[in-house]
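>>> Any chance you can model this:
(one chain, ligands or ions: 2)
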Amino acid sequence: MSSGRFITFEGGEGVGKSTQARMLADILRARGLGVLLTREPGGTPGAEAIRTLLLDKQYDWDARAEALLFAAARSDHVNHAIRPALDRGDWVVCDRFIDSSRAYQAGGSDLSDDAILSMHTIGSHALMPDVTFLLYAETDDVAARLAARDGDETDRIGGRSAPYHARVAARFRDLAAMDPERFVLIDASGTMDIVHERVWRAIAPLLGEGG
Ligand SMILES: Nc1ncnc2c1ncn2[C@@H]1O[C@H](COP(=O)(O)OP(=O)(O)OP(=O)(O)O)[C@@H](O)[C@H]1O
Ligand SMILES: Cc1cn([C@H]2C[C@H](O)[C@@H](COP(=O)(O)O)O2)c(=O)[nH]c1=O
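Ligands and ions are numbered 1, 2, ... in the order given. Presented below is the predicted three-dimensional model:
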(Lines give C-alpha, C1' and ligand atoms only; values in the text may rest on other atoms or scores of the structure.)
(Ligands and ions follow the chains in the order given, each with its own letter.)
Protein backbone atom coordinates (compact mmCIF):
# COMPACT_ATOMS: atom_id res chain seq x y z
CA MET A 1 0.00 0.00 0.00
CA SER A 2 1.55 3.29 -1.11
CA SER A 3 1.54 6.33 1.21
CA GLY A 4 3.48 8.55 -1.20
CA ARG A 5 1.79 10.93 -3.61
CA PHE A 6 2.42 11.53 -7.27
CA ILE A 7 2.69 15.26 -8.01
CA THR A 8 3.24 16.70 -11.49
CA PHE A 9 4.07 20.18 -12.76
CA GLU A 10 2.72 21.20 -16.15
CA GLY A 11 2.57 24.29 -18.32
CA GLY A 12 4.22 25.99 -21.25
CA GLU A 13 7.90 26.57 -21.93
CA GLY A 14 9.88 28.34 -19.23
CA VAL A 15 6.98 29.12 -16.93
CA GLY A 16 8.93 27.85 -13.88
CA LYS A 17 8.02 24.15 -13.60
CA SER A 18 11.53 22.82 -12.88
CA THR A 19 12.14 25.55 -10.31
CA GLN A 20 8.90 24.84 -8.47
CA ALA A 21 9.31 21.06 -8.68
CA ARG A 22 12.75 21.41 -7.08
CA MET A 23 11.48 23.74 -4.35
CA LEU A 24 8.61 21.38 -3.53
CA ALA A 25 10.94 18.36 -3.42
CA ASP A 26 13.27 20.25 -1.06
CA ILE A 27 10.53 21.15 1.40
CA LEU A 28 9.12 17.60 1.37
CA ARG A 29 12.60 16.17 2.05
CA ALA A 30 13.06 18.68 4.86
CA ARG A 31 10.01 17.07 6.47
CA GLY A 32 11.73 13.69 6.37
CA LEU A 33 9.81 12.27 3.40
CA GLY A 34 11.38 10.11 0.71
CA VAL A 35 11.16 12.03 -2.57
CA LEU A 36 11.93 11.19 -6.18
CA LEU A 37 12.40 14.44 -8.13
CA THR A 38 12.27 13.61 -11.79
CA ARG A 39 11.32 14.95 -15.23
CA GLU A 40 9.90 14.07 -18.62
CA PRO A 41 10.93 13.24 -21.18
CA GLY A 42 13.63 11.54 -19.13
CA GLY A 43 14.14 10.28 -15.60
CA THR A 44 15.82 6.97 -16.53
CA PRO A 45 18.85 6.32 -18.73
CA GLY A 46 16.63 4.93 -21.50
CA ALA A 47 14.13 7.78 -21.35
CA GLU A 48 16.94 10.37 -21.26
CA ALA A 49 18.30 8.79 -24.47
CA ILE A 50 14.85 9.13 -26.06
CA ARG A 51 14.74 12.76 -24.83
CA THR A 52 17.84 13.48 -26.89
CA LEU A 53 16.21 11.96 -29.98
CA LEU A 54 13.01 13.95 -29.41
CA LEU A 55 14.57 17.35 -28.80
CA ASP A 56 17.46 17.30 -31.27
CA LYS A 57 16.60 19.44 -34.32
CA GLN A 58 18.39 17.05 -36.69
CA TYR A 59 15.43 14.61 -36.48
CA ASP A 60 12.19 15.23 -38.35
CA TRP A 61 9.71 13.02 -36.47
CA ASP A 62 6.14 13.23 -37.69
CA ALA A 63 3.36 13.75 -35.13
CA ARG A 64 2.68 10.02 -34.67
CA ALA A 65 6.29 8.96 -34.28
CA GLU A 66 6.79 11.82 -31.83
CA ALA A 67 3.80 10.77 -29.70
CA LEU A 68 4.99 7.15 -29.68
CA LEU A 69 8.49 8.18 -28.60
CA PHE A 70 7.09 10.24 -25.70
CA ALA A 71 4.92 7.25 -24.71
CA ALA A 72 7.91 4.88 -24.89
CA ALA A 73 10.05 7.21 -22.75
CA ARG A 74 7.19 7.52 -20.23
CA SER A 75 6.73 3.74 -20.12
CA ASP A 76 10.38 3.23 -19.16
CA HIS A 77 10.20 6.08 -16.64
CA VAL A 78 7.01 4.78 -15.00
CA ASN A 79 8.07 1.15 -14.90
CA HIS A 80 11.66 1.68 -13.75
CA ALA A 81 11.47 4.82 -11.58
CA ILE A 82 8.01 6.22 -10.76
CA ARG A 83 6.10 3.04 -9.93
CA PRO A 84 8.92 1.61 -7.76
CA ALA A 85 9.20 4.93 -5.86
CA LEU A 86 5.45 5.04 -5.19
CA ASP A 87 5.53 1.39 -4.11
CA ARG A 88 8.28 2.27 -1.60
CA GLY A 89 5.96 4.93 -0.18
CA ASP A 90 8.02 7.82 -1.56
CA TRP A 91 6.60 11.01 -2.99
CA VAL A 92 7.22 11.55 -6.69
CA VAL A 93 7.57 15.11 -7.97
CA CYS A 94 7.69 15.11 -11.75
CA ASP A 95 8.41 17.99 -14.14
CA ARG A 96 5.87 17.23 -16.93
CA PHE A 97 3.97 13.96 -17.48
CA ILE A 98 1.02 12.66 -19.52
CA ASP A 99 -0.74 16.05 -19.68
CA SER A 100 2.19 17.43 -21.69
CA SER A 101 1.56 14.74 -24.32
CA ARG A 102 -2.16 15.54 -24.27
CA ALA A 103 -1.44 19.26 -24.71
CA TYR A 104 1.54 19.18 -27.11
CA GLN A 105 1.00 16.02 -29.19
CA ALA A 106 -2.84 16.09 -29.27
CA GLY A 107 -3.59 19.78 -28.62
CA GLY A 108 -0.78 20.96 -30.87
CA SER A 109 -1.43 18.53 -33.77
CA ASP A 110 -4.26 16.42 -35.19
CA LEU A 111 -3.90 13.42 -32.86
CA SER A 112 -6.85 12.77 -30.57
CA ASP A 113 -6.74 12.83 -26.78
CA ASP A 114 -8.05 9.23 -26.88
CA ALA A 115 -5.08 8.16 -29.01
CA ILE A 116 -2.63 9.66 -26.49
CA LEU A 117 -4.46 8.04 -23.57
CA SER A 118 -4.45 4.65 -25.37
CA MET A 119 -0.68 4.84 -25.74
CA HIS A 120 -0.48 5.73 -22.06
CA THR A 121 -2.60 2.72 -21.13
CA ILE A 122 -0.39 0.39 -23.16
CA GLY A 123 2.91 1.91 -22.02
CA SER A 124 2.27 3.01 -18.45
CA HIS A 125 -0.85 1.17 -17.20
CA ALA A 126 -2.68 4.53 -17.43
CA LEU A 127 -0.94 5.82 -14.28
CA MET A 128 -2.26 9.29 -13.42
CA PRO A 129 -0.92 11.88 -10.94
CA ASP A 130 -2.70 12.59 -7.66
CA VAL A 131 -2.16 16.34 -8.04
CA THR A 132 -1.16 18.33 -11.13
CA PHE A 133 -0.02 21.94 -10.84
CA LEU A 134 -0.69 23.87 -14.01
CA LEU A 135 1.54 26.97 -14.01
CA TYR A 136 0.58 29.99 -16.09
CA ALA A 137 2.06 33.47 -16.56
CA GLU A 138 2.01 36.34 -19.03
CA THR A 139 3.82 35.49 -22.28
CA ASP A 140 6.10 38.52 -21.98
CA ASP A 141 7.24 37.56 -18.46
CA VAL A 142 8.02 34.03 -19.59
CA ALA A 143 9.82 35.23 -22.72
CA ALA A 144 12.08 37.37 -20.53
CA ARG A 145 12.86 34.39 -18.26
CA LEU A 146 13.61 32.18 -21.26
CA ALA A 147 15.81 34.80 -22.90
CA ALA A 148 17.80 35.12 -19.68
CA ARG A 149 18.18 31.33 -19.42
CA ASP A 150 18.61 30.21 -23.06
CA GLY A 151 19.44 33.30 -25.14
CA ASP A 152 18.31 32.49 -28.71
CA GLU A 153 18.62 28.71 -28.33
CA THR A 154 15.54 26.51 -28.65
CA ASP A 155 15.01 22.77 -29.00
CA ARG A 156 12.93 20.94 -31.64
CA ILE A 157 9.65 21.47 -29.78
CA GLY A 158 10.27 24.65 -27.80
CA GLY A 159 11.21 26.39 -31.06
CA ARG A 160 7.82 25.78 -32.70
CA SER A 161 5.59 28.68 -33.74
CA ALA A 162 3.68 30.99 -31.40
CA PRO A 163 0.30 29.66 -32.72
CA TYR A 164 1.43 26.08 -31.90
CA HIS A 165 2.30 27.09 -28.33
CA ALA A 166 -0.99 29.00 -28.04
CA ARG A 167 -2.88 25.79 -28.98
CA VAL A 168 -0.85 23.90 -26.37
CA ALA A 169 -1.70 26.50 -23.70
CA ALA A 170 -5.40 26.36 -24.61
CA ARG A 171 -5.40 22.55 -24.35
CA PHE A 172 -3.75 22.69 -20.92
CA ARG A 173 -6.53 25.02 -19.77
CA ASP A 174 -9.18 22.66 -21.20
CA LEU A 175 -7.64 19.66 -19.44
CA ALA A 176 -7.63 21.53 -16.14
CA ALA A 177 -11.27 22.57 -16.59
CA MET A 178 -12.24 18.95 -17.31
CA ASP A 179 -10.52 17.60 -14.19
CA PRO A 180 -10.73 20.20 -11.39
CA GLU A 181 -10.22 17.55 -8.70
CA ARG A 182 -6.70 16.80 -9.92
CA PHE A 183 -5.54 20.13 -11.37
CA VAL A 184 -4.46 23.12 -9.29
CA LEU A 185 -3.98 26.31 -11.30
CA ILE A 186 -0.95 28.29 -10.15
CA ASP A 187 -0.30 31.90 -11.04
CA ALA A 188 3.43 31.69 -11.83
CA SER A 189 4.04 35.44 -11.81
CA GLY A 190 6.05 36.99 -8.98
CA THR A 191 9.20 35.74 -7.33
CA MET A 192 10.09 32.05 -7.06
CA ASP A 193 9.30 32.19 -3.33
CA ILE A 194 5.88 33.71 -3.89
CA VAL A 195 5.02 31.06 -6.48
CA HIS A 196 6.34 28.33 -4.16
CA GLU A 197 4.07 29.62 -1.39
CA ARG A 198 1.06 29.17 -3.73
CA VAL A 199 2.15 25.58 -4.46
CA TRP A 200 2.79 24.82 -0.80
CA ARG A 201 -0.66 26.08 0.21
CA ALA A 202 -2.19 23.33 -1.95
CA ILE A 203 0.12 20.55 -0.72
CA ALA A 204 0.34 21.30 3.00
CA PRO A 205 -3.16 19.93 3.78
CA LEU A 206 -2.08 16.55 2.35
CA LEU A 207 0.53 16.47 5.13
CA GLY A 208 -1.89 17.56 7.80
CA GLU A 209 -0.40 21.08 7.83
CA GLY A 210 -2.27 24.33 7.45
CA GLY A 211 -0.36 25.70 4.46
N1 LIG B 1 9.21 33.10 -10.38
C2 LIG B 1 10.29 33.33 -11.14
N3 LIG B 1 10.73 34.58 -11.34
C4 LIG B 1 11.79 34.82 -12.13
N5 LIG B 1 12.51 33.87 -12.78
C6 LIG B 1 12.09 32.60 -12.62
C7 LIG B 1 10.98 32.26 -11.81
N8 LIG B 1 10.82 30.92 -11.85
C9 LIG B 1 11.79 30.44 -12.65
N10 LIG B 1 12.56 31.44 -13.11
C11 LIG B 1 13.71 31.34 -14.02
O12 LIG B 1 13.15 31.23 -15.32
C13 LIG B 1 13.86 30.25 -16.09
C14 LIG B 1 12.88 29.12 -16.47
O15 LIG B 1 12.50 28.46 -15.28
P16 LIG B 1 12.37 26.89 -15.24
O17 LIG B 1 13.55 26.23 -15.87
O18 LIG B 1 12.01 26.50 -13.85
O19 LIG B 1 11.08 26.73 -16.20
P20 LIG B 1 10.47 25.45 -16.87
O21 LIG B 1 9.01 25.70 -16.94
O22 LIG B 1 10.91 24.22 -16.17
O23 LIG B 1 11.15 25.51 -18.31
P24 LIG B 1 11.13 24.42 -19.49
O25 LIG B 1 9.73 24.39 -20.02
O26 LIG B 1 12.08 24.95 -20.50
O27 LIG B 1 11.58 23.13 -18.89
C28 LIG B 1 15.00 29.77 -15.22
O29 LIG B 1 16.16 30.52 -15.56
C30 LIG B 1 14.56 30.09 -13.80
O31 LIG B 1 15.65 30.33 -12.93
C1 LIG C 1 6.82 15.35 -21.49
C2 LIG C 1 6.56 16.02 -22.80
C3 LIG C 1 7.32 17.11 -23.19
N4 LIG C 1 7.07 17.70 -24.38
C5 LIG C 1 7.92 18.83 -24.79
C6 LIG C 1 7.77 20.09 -23.98
C7 LIG C 1 9.11 20.75 -24.12
O8 LIG C 1 9.11 21.52 -25.32
C9 LIG C 1 10.07 19.59 -24.32
C10 LIG C 1 10.97 19.24 -23.15
O11 LIG C 1 10.46 19.59 -21.94
P12 LIG C 1 11.16 20.70 -20.95
O13 LIG C 1 10.16 20.88 -19.89
O14 LIG C 1 11.34 21.94 -21.75
O15 LIG C 1 12.43 20.11 -20.46
O16 LIG C 1 9.26 18.46 -24.63
C17 LIG C 1 6.09 17.23 -25.22
O18 LIG C 1 5.90 17.75 -26.34
N19 LIG C 1 5.34 16.17 -24.83
C20 LIG C 1 5.54 15.53 -23.65
O21 LIG C 1 4.82 14.53 -23.33
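
>>> what does the chain put close to ligand 1?
Within the chain, the positions near ligand 1 by C-beta under 6 Å from any ligand atom are 13-19, 95, 145, 148-149, 191-192, 195. C-betas here are computed from N, CA, C, even on glycine.

>>> Now render those residues as TSV, adding secondary structure and neighbour count.
Below are those laid out as TSV (DSSP: H, G, I helix; E, B strand; the rest coil; neighbours: other C-beta atoms under 10 Å):
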residue	secondary structure	neighbour count
13	coil	19
14	coil	22
15	coil	25
16	coil	24
17	helix	24
18	helix	14
19	helix	18
95	strand	21
145	helix	17
148	helix	9
149	helix	9
191	coil	8
192	helix	13
195	helix	22
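
>>> Dump those residues to TSV, plus pLDDT and distance to ligand 2.
Listed next are those as TSV, based on pLDDT from 0 to 100; distance: C-beta to the nearest ligand atom, whole Å:
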residue	pLDDT	distance to ligand 2
13	95	6
14	94	8
15	96	9
16	97	11
17	98	6
18	98	7
19	98	11
95	98	6
145	83	12
148	85	15
149	85	11
191	96	21
192	97	17
195	98	16
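
>>> Leaving out the residues flanking it, which one is nearest to residue 105?
residue 67 (4.2 Å; C-beta to C-beta, 6 or more residues apart in numbering).

>>> Then residue 51?
Once flanking residues are discounted, residue 51 sits nearest to residue 41: 4.1 Å by C-beta to C-beta, 6+ apart.

>>> Also residue 61?
residue 69 (6.6 Å).

>>> That neighbour against residue 53, yeah?
Yes - under the criterion of C-beta atoms under 8 Å, residue 69 makes contact with residue 53 at 6.5 Å.

>>> More neighbours: these two, which one.
Using other C-beta atoms under 10 Å, the more surrounded residue of residue 69 and residue 53 is residue 69, with 19 against 16.
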